[in-house]
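Give me a 3D structure for the following:
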Amino acid sequence: MQYAVVEYYNVKFYIIFKRDEDISKFWYLSNRIEAGEKLYMRDIYRWCVVHKIHVMSKFVYLKDIPITANIWNYYSYLRAKSEYKRLKHEYS
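Down below sits the predicted model:
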């Protein structure tokens, strides 16, 4: 089993490839990100759910940014997590 990590500010998305086709699908997402396309947390998560690729997310506290920014980013992460549950149910 292989995986990739996509970082979005304080959030790391662990994308797990269970099939060979998942890797080729991920290259598409990777190319979009490298090309500079603006993607939000929910866009990354939704893309994985729609393509039936297993994804986990984790918030990481960053010491090099102010605590207020970390708190705001954590709040945004929690809101996104609640939306992830809805998306997962919607596309299952």
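
mind listing the helices for the protein?
20-34, 41-50, 67-91 (DSSP state H).

Kindly compare burial across those and name the winner.
helix 41-50 (a mean of 19; mean count of other Cβ atoms under 10 Å). The way it works is simple: take the backbone N, C-alpha and C, and place the C-beta from them, glycine included.

Let me know the angle separating it from helix 20-34.
160 degrees (axes from the mean of the first three to the mean of the last three Cα atoms, to 10 degrees).

Can I get helix 41-50 in CSV, CA atoms only?
What follows is helix 41-50, C-alpha atoms only, in CSV (Å, rounded to 0.1, in the frame of the first residue of the first chain):
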residue,chain,number,x,y,z
MET,A,41,-9.5,21.8,2.1
ARG,A,42,-13.0,20.7,1.1
ASP,A,43,-11.9,20.6,-2.6
ILE,A,44,-9.0,18.2,-1.8
TYR,A,45,-11.2,16.0,0.4
ARG,A,46,-14.2,16.0,-2.0
TRP,A,47,-11.9,15.0,-4.9
CYS,A,48,-10.7,12.0,-2.9
VAL,A,49,-14.2,11.0,-1.9
VAL,A,50,-15.6,11.4,-5.4
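
Format the helices of the chain as a markdown table; extra columns: distance to Val5.
Converted to a markdown table, these look like this (distance: least, Cβ to Cβ, whole Å):
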| stretch | distance to Val5 |
| --- | --- |
| helix 20-34 | 11 |
| helix 41-50 | 11 |
| helix 67-91 | 16 |
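
Any chance of a markdown table for the ones you listed, columns mean pLDDT?
Formatted as a markdown table, the helices of the chain follow (pLDDT from 0 to 100):
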| stretch | mean pLDDT |
| --- | --- |
| helix 20-34 | 92 |
| helix 41-50 | 91 |
| helix 67-91 | 89 |
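
so which of those gets nearest Tyr61?
helix 67-91 (5.6 Å; Cβ to Cβ).

Could you check the angle that closest one makes with helix 41-50?
30 degrees.

Which residues does helix 67-91 contact?
Residues from elsewhere that reach helix 67-91, judged by Cβ atoms under 8 Å, 6 or more residues apart in numbering: 9-11, 41-42, 45-46, 49-50, 57, 59, 61-62.
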